[in-house]
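Student: need a structure here:
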Amino acid sequence: MAAFTTPDLCDDHPDRIKVVNLPLRSFGGKATFAGPVATIKCFEDNSKVKEQAAQPGKGRVMVVDGGGSTRHALLGDLIAAGAVDNGWAGFVIWGCIRDVDVIANLDLGVKALGACPVKTEKRGLGDVDIAIRVGGVSFSPGDWVYADNNGVIRADGPLT
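Tutor: Residues are numbered from 1 along each chain as shown. Okay, the predicted model is just below:
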């Protein structure tokens, strides 16, 4: 993939992008990442995140609507390491992660609200590959995510 910055993409494609309006922090070893969207909606249960991260990622970015909860982490070091092994480009999480020091050393992009040391209960709850809304932006499978230290944007397809 060609090098990009989200400001340049916003300038060059204003009619094709939407900017996620959340104070997401960068946690992964890759500050800049992009790829087709895969979606999950879950609340304080990362069962579906774990299931999907174990599947071939094919360079996709998992966008997770965690309802903004900061009480439980939706991503930890084991799931993140598995995602790297399975070819995921990154995660955009409207919620928290844990094991931040380990995740910072993985070849993976991770944007999330913050960190929380508490794991989730695994109840098998959540929805996969549905339309979701994160930070005022609608995401559907097949959209594209571009993320860097400037922010996160959703595009209607590849821009670079």
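Student: List the residues that contact residue 34.
Tutor: Residue 34 sits next to 1, 4, 61, 89, 144, 145, 146, 147, 160 when contact means C-beta atoms under 8 Å, 6 or more residues apart in numbering. Heads up, the C-betas are built off the backbone N, CA and C, glycines and all.
Student: Mean confidence (pLDDT) on the helix or strand containing it, please.
Tutor: Assigned by DSSP states H and E, residue 34 belongs to strand 33-41. Averaging pLDDT along strand 33-41 yields 98.
Student: Direction included, what does that strand pair against?
Tutor: strand 61-65 (parallel), strand 127-128 (antiparallel), strand 144-148 (antiparallel) (DSSP bridges).
Student: got the contact list for the helix or strand following that strand?
Tutor: For strand 33-41, the following helix or strand on the C-terminal side (DSSP H and E) is helix 47-53. Residues outside helix 47-53 that contact it (C-beta under 8 Å, 6+ apart): 38, 40, 42, 62, 64, 74-75, 79-80, 82-83, 86, 88, 120, 122-128.
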